[in-house]
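Q: Sequence unavailable; structure follows:
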């Protein structure tokens, strides 16, 4: 059982880093540092959107942007942290 728990934790950690990278890339685009007309940058942005949008989309129906700032990634990260705590309690505690 601990192998399954560790595998779930690894997957959640990986997804949390994908979210963090996605947020950082969106900031770089907003400040004009990264140009999405560049094919490699455009591909990276589309890849990150494919990974994150299925989780963000249902939440965005209920949580509007606050002052033009999308807080959905922060809520998803808090959810991941809570889920990691539950997994640790279920699978890895003795």
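A: All right, it came through fine. Model, not experiment: these values are computed from the prediction.
Q: CA only for contacts and neighbour counts going forward, please
A: Fine.
Q: From the contact counts, what lies against the helix ranked longest in the chain?
A: When the chain is parsed with DSSP state H, its longest helix is helix 2-30. The helices and strands touching helix 2-30, judged by 3 or more Cα pairs under 8 Å, 6 or more residues apart in numbering; DSSP states H and E, are helix 39-60, helix 72-87.
Q: ok and that helix relative to helix 72-87, angle-wise?
A: 170 degrees (axes from the mean of the first three to the mean of the last three Cα atoms, to 10 degrees).
Q: and helix 2-30, average pLDDT?
A: In this model, helix 2-30 has a mean pLDDT of 94.
Q: In that helix, which residues have enough neighbours to count as buried?
A: 5-6, 8-9, 12-13, 15-16, 18-19, 22-23, 25 (16 or more other Cα atoms under 10 Å).
Q: Which positions within stretch 51-69 qualify as buried?
A: Those would be 52, 56, 59, for stretch 51-69 by 16+ other Cα under 10 Å.
Q: what sits against the first one?
A: What it means is residue 52. Applying Cα atoms under 8 Å, 6 or more residues apart in numbering to residue 52 gives the contacts 18-19.
Q: Could you report the distance from it to residue 43?
A: Distance, residue 52 to residue 43, by Cα to Cα, to the nearest Å: 14 Å.
Q: got a list of what the residue nearest the centre of the chain touches?
A: By Cα atoms, centre = their mean, the chain has its centre lying nearest to residue 19, at 2.6 Å. Listed by Cα under 8 Å, 6+ apart, the contact partners of residue 19 are 52, 73, 77.
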